[in-house]
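S.K.: Predicted structure and sequence below. I'll ask about it afterward.
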Amino acid sequence: MSASKPAQKRLTKEFVAMQREPPPFVWAVPDEKNILTWNYLLRGPPDTPFAGGEYHGVLLFPSEYPFKPPGIKMFTPSGRFQPDKKICFSMSDFHPGSWNPAWSVATILTGLLSFMLSDEMTTGSVTSSDPHKRAFAARSHGWNLAQSRFREAFPDYCQPQPQDLPNMGEKERGTSEPPPQLASPSLSRSSPQQSTPTAKPTTVESPSANASNVPPSAVIPRPRKPEENGLNANRGTGWMATWRQIIWEKWRWCALIALAVIVSRISTSS
C-alpha cells in the first residue's frame, strides 16, 4: 500500500514536528521504505508500574490518512496489552467514527500512553497485577534487544542499558534542565535515521572540582575589596573633605563675629 499525496505530506510534516518537539516519554520514526508504517517507543513514567520500561510498537496508517485512523500494536510484553495484537481505543482504527483528522502521531501516542496507564479493559488488553507489570518493565529492554525489528528500527537504542528518549518529562515534572554548556551530546536527541555530527560542547567545571590539580602559580588571586584590606580610599577621602568643610565653616563664622565687633565699636565711638 502506498501513501496518498495528502498522507505523504502530512506524515512528513509530523516527522519534522516529532523531532522538533517530541511528547513526554514518546518517540517515533517512520519506516525508511514505507512512510505509512511508524515504529514507536514508549518509556514508562516514574511512579507508575511501568517505570523504567521500554515498549516498542507500530502505527499502521491507511493511505487515506489523516482522514482515517491508524491501526496500533505493541510488540513488547507489558502486562497491559497483548503483544503484536491490535489495540482498541478511541484513536485507533477500531473507532473510525470518533477519529479527528486534527490528531497527529504525537497525539495518538500520548493518548496510547495515557490509556496504558489506566485500568480500562478493551480489545487487545490484558489484566495483570502491578508487580507483574514491574517485572515486565525490568525485562523489557532485554526483550527488545533480542528482536530484529527493534534493532532495525532503533539502532541507536541498542545499548546494554535503556537509553533516554529525547523528552523524558523533565519540564512536566518541573525539573530544571541543565545549562547548554553542561549538556552532553546524545544521539537519541536527533532522529536515529538522520543523526548529524555535533560539536563537542565545552564543559564548565566547578572551581572546587579539580582544585588539588591546579598549580599555585596558575591560581589568579581574587582582587580584595578595600574593606578586606582594612582601608577604604573613598572613605578616607570623604573624612578629609569633611574636616576641611568644618574648619572652613568655623573660620568663616569667626571672621563674621570679629567684623561685627569692629563695626559695633566704631558705631559706639562715633
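M.R.: Arrived safely, thanks for sending. What you see is a predicted model; the values in this text were computed from it and never measured.
S.K.: how about the nearest residue to residue 147, chain neighbours excluded?
M.R.: Of all residues not flanking residue 147 in the chain, residue 75 sits nearest, at 6.8 Å (CB to CB, 6 or more residues apart in numbering). All C-beta spots, glycine's among them, are computed from the backbone N, C-alpha and C.
S.K.: Count the neighbours of that neighbour for me.
M.R.: By other CB atoms under 10 Å, the residues close to residue 75 number 19.
S.K.: so it makes contact with residue 149?
M.R.: Yes - judged on CB atoms under 8 Å, residue 75 makes contact with residue 149 at a distance of 7.2 Å.
S.K.: tell me, what's touching those two both at once?
M.R.: residue 56 (CB atoms under 8 Å, 6 or more residues apart in numbering).
S.K.: residue ranges of the helices in the stretch 1-150 of the chain, please?
M.R.: For the stretch 1-150 of the chain, applying DSSP state H, counting those that start in this stretch gives helices covering 5-20, 105-117, 130-145, 148-153.
S.K.: Could you identify which of those is most buried?
M.R.: Compared across the helices of the stretch 1-150 of the chain, helix 105-117 shows the largest average neighbour count, a mean of 19 (mean count of other CB atoms under 10 Å).
S.K.: can you give me the angle that helix makes with helix 130-145?
M.R.: Orientation of helix 105-117 against helix 130-145 (axes from the mean of the first three to the mean of the last three CA atoms, to 10 degrees) gives an angle of 140 degrees.
S.K.: what comes up buried for stretch 37-55?
M.R.: 37-45, 48-50, 53-55 (16 or more other CB atoms under 10 Å).
S.K.: Show me the shaky parts of the stretch 51-200 of the chain.
M.R.: Of all residues in the stretch 51-200 of the chain, those with pLDDT under 70 make up the ranges 171-200.
S.K.: show me where it has strands.
M.R.: 54-60, 71-74 (DSSP state E, counting those that start in this stretch).
S.K.: out of the ones you listed, nearest to residue 6?
M.R.: strand 54-60 (16.9 Å; CB to CB).
S.K.: counting contacts, what elements does the closest one pack onto?
M.R.: If you count contacts as 3 or more CB pairs under 8 Å, 6 or more residues apart in numbering; DSSP states H and E, strand 54-60 packs onto strand 37-43, strand 71-74, helix 105-117, helix 130-145, helix 148-153.
S.K.: Just tell me which of those ends up closest to residue 169.
M.R.: Nearest to residue 169, of all these, is strand 37-43, at 8.7 Å by CB to CB.
S.K.: Can you tell me what sits against that closest one?
M.R.: Here strand 37-43 makes contact (CB under 8 Å, 6+ apart) with 11, 25-31, 52-61, 74, 105, 109, 112-113, 116, 149, 153-154, 157, 162, 164-165, 168.
S.K.: Tell me what angle it forms with helix 130-145.
M.R.: Relative orientation of strand 37-43 versus helix 130-145 (the same axes, to 10 degrees): 130 degrees.
S.K.: Tell me the strands beside strand 37-43, with direction?
M.R.: Here strand 37-43 is paired, per DSSP bridges, with strand 26-30 (antiparallel), strand 54-60 (antiparallel).
S.K.: Give me the angle between it and helix 5-20.
M.R.: Using the same axes, to 10 degrees, the inter-axis angle of strand 37-43 relative to helix 5-20 is 30 degrees.
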